[in-house]
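# when you get a sec, could you give me coordinates for this:
(chains A and B)
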2 protein chains.
Amino acid sequence: MRRQNLALVMTTVAAHGPLSRAAIAGRTGLTRAAVSSLVEELNTAGLLTELGSLPSGRAGRPGRALALSERGPAGLGLEVGVGHLGACVVDLRGEVRGWLRVAADNRNRPADEVLAELATVSRRAVTEAEGTGLRPVAAVLAVPGLVGEAPGTVATAPNLGWRDVAASGLCAQGLPLEVENEANLGALAELWHGTGTSDFIHVSAAEGIGAALVVGGRLFRGARGFAGELGHVPLCPDGPVCACGARGCLEQYAGEEAVLRQAGLAAGEDAVRRLASRAREGDRCALAALERAGEALGTALAGAVNLVDPEAVVLGGAYAELGDWLLPGMRRELTARALRRWPPKALLVSGLGRRGPLLGAGMAAIRRIIEDPAELTVSRSRR
Amino acid sequence: MRRQNLALVMTTVAAHGPLSRAAIAGRTGLTRAAVSSLVEELNTAGLLTELGSLPSGRAGRPGRALALSERGPAGLGLEVGVGHLGACVVDLRGEVRGWLRVAADNRNRPADEVLAELATVSRRAVTEAEGTGLRPVAAVLAVPGLVGEAPGTVATAPNLGWRDVAASGLCAQGLPLEVENEANLGALAELWHGTGTSDFIHVSAAEGIGAALVVGGRLFRGARGFAGELGHVPLCPDGPVCACGARGCLEQYAGEEAVLRQAGLAAGEDAVRRLASRAREGDRCALAALERAGEALGTALAGAVNLVDPEAVVLGGAYAELGDWLLPGMRRELTARALRRWPPKALLVSGLGRRGPLLGAGMAAIRRIIEDPAELTVSRSRR
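The predicted structure follows:
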């Protein structure tokens, strides 16, 4: 019960703070005495901080405002991409306080080597954050693959060549690590830091196509956690064979690899940037490839829209940088094929772009702390 | 508050009854005194009934068991199909106590004429049920179209030629009428009376293709209530023009009309039965049409499965009668295209078949009573 109440106070301050103790009591239905005791525990753990006095609006002693702490406990976001590694530190208020992203060719490289290099990147980001008074207490790792059943494991990440990889050794001893799919984290970053809609399909591209559904402000995971595989929606039933074994999947028309191939460009960390600059220069091959990809995305998304009826479609990840050329085809197909009228403003480009998954990982780590602060208070003191 | 508690007692008895007053108190957390008062009110309204004594398991007076009443308040289900009209009466326990379905050619017939004939059908079903002590107190109408914003209205039903039709005059004065899409009601019937899964895509066929998503035991309506339009998922982007204006929608390959055309059969109320008997006789044209439809359904459903990851796909409505011939192609495509392994038992045929929407309408009407019984007690006595 106390554990739930600690979480209630934290989530209330996170959503509506700064708040006085009286205001917290009013919003939560807890007694003033209970709030005082809970707040003290959260203050001691460094999760809340007292700001100056707030006008109380009544006679008597003004209440002191409580806010999420900008020092102390923080979230650590980590990312393994096919062409890069990343680490970030996010404070409890959701502000990015350390950010490091380095190029690395991780395709078919031994997983332990990749994780060892990520650990180095992570230590640098953490050291930097420690200099500003932060201390990561929970970590989330973004991977381009499916999460394993055991905590801290990756079941499969085809573009990395990973199968049943345990990432649990990645963090300093005792720091809890969660693994999550990068497309899901990109969508959550958009939900928490983005355009304001809470019912959307988020489409991004890494090697394949990553997509995630957010419904009523929550990730829609499906009955067994496999929802969101837009890249393997059939676009042409008899089309080219896909890596998944089926024919004509969307990925074969609008996946990064397919688009680069059609544009005559080699893959690589900065391939999307090169593609964008070619398109900007008016290169016909590049423009045709992007036109075709936009149409393919729009067609598959129209089917998805007819099936799940979201408020919006958000183009994120590296694809956000290609919005100028992808959007016209996407919009045309959505307009022609969505049963419900599809207003232009319901197709958005994410402002987060390829920063999404890593930012989402850092934010997910602090959401974990905010939604169960007892991990850092009661239970810790009991050890 | 009393309104909520009345609903709590009703839903508890509906889910776990028969129950003694003590057992209701135990399950709801209400006091014995409160339960007694609420039960009395529900008994007076004819919503609950006292069965014989239940062994209490303790010393003292045995409790009398309370159950949903099999007499008195009942639900009225109504249906307008393209080729038929239907009415049913369902008692509070969910048992069908009156069932009437008549052939009628409703395509492009004036809506008021259709509704007048449905009113006649409805009166016959109600009269029959009244003879067994039932009295409909809420009605739900199943339509092959989109529900309007105003209660009791249909926004559009293309196959009927309806646009902005008010069905509110259909029922006896004072009987509340709700309109709902037939595919949604078919899926709800499956949820309440069916195969036991609570996360599934329900695919049926009337003229077009009706589909509905049930997620965690609830209808998934989408951000604006338009979810489930599987029939307008693009199957071949450059395929034949669909009634919706787009090209290559699934409906053009697997909709009833398309299948009948390919099999060389005329449309009509019993067309699906004729198609099934042709297939049973080994008619090549019929078998080829069904094979093609099964493959098209399987391909589009594989995309839907990759996107929303349900536990099962249920083939319902008239298509349930074609399961023998549709299932092999559906299963093949699902196996080849679903990213997650798709076990054969995750593709089911509904036992309700074309009875689904009307049964769902009757069940939805009683769910409405069970979830807000105060409509029949407190608020009624206040009038």
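# report pLDDT for the residue of the stretch 251-383 of chain A found nearest chain B.
Proximity of the stretch 251-383 of chain A to chain B (CB to the nearest CB) peaks at A:Asp309, 2.5 Å away. No exception for glycine: its C-beta is placed from N, CA and C like everyone else's. We have a pLDDT of 95 for A:Asp309.
# can you report how many residues neighbour whichever residue of the stretch 151-300 of chain A sits closest to chain B?
Per CB to the nearest CB, A:Gly222 is where the stretch 151-300 of chain A lies closest to chain B, at 2.5 Å. As a burial measure, A:Gly222 scores 21 neighbours (other CB atoms under 10 Å in any protein chain shown).
# and for it, nearest residue in space, chain neighbours not counted?
B:Asp309 (2.5 Å; CB to CB, 6 or more residues apart in numbering or on different chains).
# also A:Val9?
A:Leu38 (4.9 Å).
# and the residue of the stretch 1-150 of chain A closest to chain B?
A:Leu146 (9.0 Å).
# distance of that residue from B:Pro343?
18 Å (CB to CB, to the nearest Å).
# the two - which one has more neighbours?
Neighbours per residue (other CB under 10 Å) separate A:Leu146 from B:Pro343, with A:Leu146 holding more: 18 against 10.
# quick check: pLDDT value at that one.
Looking at A:Leu146, its pLDDT reads 85.
# and A:Tyr49, how far is that from A:Ser20?
For residue A:49 the amino acid is Thr, not Tyr. A:Thr49 is 14 Å from A:Ser20, by CB to CB.
# then A:Val215?
A:Val215 is 35 Å from A:Ser20, by CB to CB.
# cool, A:Cys285 as well?
From A:Cys285 to A:Ser20 the distance is 62 Å (CB to CB).
# again, but for A:Thr153
A:Thr153 sits 44 Å away from A:Ser20, going by CB to CB.
# one more: A:Arg355?
Taken as CB to CB, the span from A:Arg355 to A:Ser20 is 35 Å.
# near chain B, which residues of the stretch 151-300 of chain A show up?
Proximity of the stretch 151-300 of chain A to chain B (CB under 8 Å from any CB of the partner chain) is limited to residues A:199, A:211, A:213, A:215, A:220-230, A:232-237, A:244-247, A:249, A:295, A:299-300.
# so among these, which ones count as buried?
A:199, A:211, A:213, A:215, A:220-223, A:226-230, A:232-237, A:244, A:246-247, A:249, A:295, A:299-300 (16 or more other CB atoms under 10 Å in any protein chain shown).
# can you map out the helices along the stretch 251-383 of chain A?
Ranges of helices in the stretch 251-383 of chain A, per DSSP state H, counting those that start in this stretch, are A:251-254, A:256-263, A:271-280, A:284-308, A:323-337, A:356-371, A:378-382.
# can you lay out the ones you listed as a markdown table showing distance to A:Arg2?
Output for the helices of the stretch 251-383 of chain A, formatted as a markdown table (distance: least, CB to CB, whole Å):
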| stretch | distance to A:Arg2 |
| --- | --- |
| helix A:251-254 | 48 |
| helix A:256-263 | 49 |
| helix A:271-280 | 49 |
| helix A:284-308 | 39 |
| helix A:323-337 | 48 |
| helix A:356-371 | 15 |
| helix A:378-382 | 6 |
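# so which bits of stretch A:305-322 are buried?
For stretch A:305-322, by 16+ other CB under 10 Å, it's A:305-310, A:312-322.
# let's see that stretch as PDB, backbone CA atoms only.
Provided in PDB are the C-alpha atoms of stretch A:305-322 (Å, rounded to 0.1, in the frame of the first residue of the first chain):
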ATOM      1  CA  VAL A 305      -5.600   3.200 -40.700                       C
ATOM      2  CA  ASN A 306      -8.700   1.400 -42.000                       C
ATOM      3  CA  LEU A 307      -8.000  -1.400 -39.500                       C
ATOM      4  CA  VAL A 308      -7.100   0.500 -36.300                       C
ATOM      5  CA  ASP A 309      -8.400   4.100 -37.000                       C
ATOM      6  CA  PRO A 310      -5.700   6.200 -35.300                       C
ATOM      7  CA  GLU A 311      -5.900   9.900 -34.900                       C
ATOM      8  CA  ALA A 312      -2.600  10.500 -36.700                       C
ATOM      9  CA  VAL A 313       0.400   8.900 -38.500                       C
ATOM     10  CA  VAL A 314       3.800  10.100 -37.400                       C
ATOM     11  CA  LEU A 315       6.800   9.700 -39.600                       C
ATOM     12  CA  GLY A 316       9.800   9.400 -37.300                       C
ATOM     13  CA  GLY A 317      13.400   8.000 -37.100                       C
ATOM     14  CA  ALA A 318      15.700   8.600 -40.000                       C
ATOM     15  CA  TYR A 319      12.600   8.900 -42.300                       C
ATOM     16  CA  ALA A 320      11.700  12.200 -40.600                       C
ATOM     17  CA  GLU A 321      14.600  13.700 -42.600                       C
ATOM     18  CA  LEU A 322      13.100  12.400 -45.800                       C
END
